[in-house]
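>>> Requesting a structural model of the entry that follows:
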Amino acid sequence: MLSLILPSPSSMFYHNKRGKRIDIVNPGRPLNLSAGGMIPALPGTEKHPEEDTISAKLEVGSLVVPVKVVKHLKGYKGDMTGPVTTNPKKLVNAIVMPDEKVIHRKHAPKVEQFLKRKGIKLPLGS
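The predicted structure is shown next:
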């Protein structure tokens, strides 16, 4: 008889480009980050500080600014946050990293233009 060992629904992980297993710290309860703001570090994220380890819900059109680009937002004077969206039809699942910054969908185009004027095009490497 063949038996399979399946991960529990409360465990979620992926393998990074080096083949290392990266566990998601909050798979059963994603953070609603639709309002925007800095992504907080959660217990367990310190194991892999340079990897995406947090399950989140984002509104379609939101912008996630990588950690190494966040410092370039210092001179931006406009808004970056907005109202929280609770309608599940407007939210998508994402895996994010602590200390990244989420920009509300309403302000994302202006922030993206600000970064382009500084020579930064998102996503990085494009």
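
>>> Residue 111 versus residue 50, what's the distance?
Distance of residue 50 to residue 111, given as Cβ to Cβ, to the nearest Å: 23 Å. The C-beta positions use only the backbone N, C-alpha and C, and glycine is treated the same way.

>>> okay, those two: which has more neighbours?
Set residue 50 next to residue 111 and count neighbours by other Cβ atoms under 10 Å: residue 111 wins out with 21 against 9.

>>> Residue 76 is in contact with residue 114, correct?
Yes: between residue 114 and residue 76 there is a contact at 5.1 Å, judged by Cβ atoms under 8 Å.

>>> Identify the residues contacting residue 44.
23, 25, 53 (Cβ atoms under 8 Å, 6 or more residues apart in numbering).

>>> I only care about the residues you listed that end up buried; give me the PyMOL line for that.
In PyMOL, a selection of the buried entries from the contacts of residue 44 looks like this (16 or more other Cβ atoms under 10 Å):
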select buried, resi 25+53
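
>>> Secondary structure, distance to residue 103 and pLDDT added to the contacts of residue 44, as JSON lines?
Listed next are the contacts of residue 44 as JSON lines, based on DSSP: H, G, I helix; E, B strand; the rest coil; distance: Cβ to Cβ, whole Å; pLDDT from 0 to 100:
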{"residue": "23", "secondary structure": "strand", "distance to residue 103": "27", "pLDDT": "88"}
{"residue": "25", "secondary structure": "coil", "distance to residue 103": "23", "pLDDT": "89"}
{"residue": "53", "secondary structure": "coil", "distance to residue 103": "20", "pLDDT": "92"}
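
>>> Alright, that wraps it up for me.
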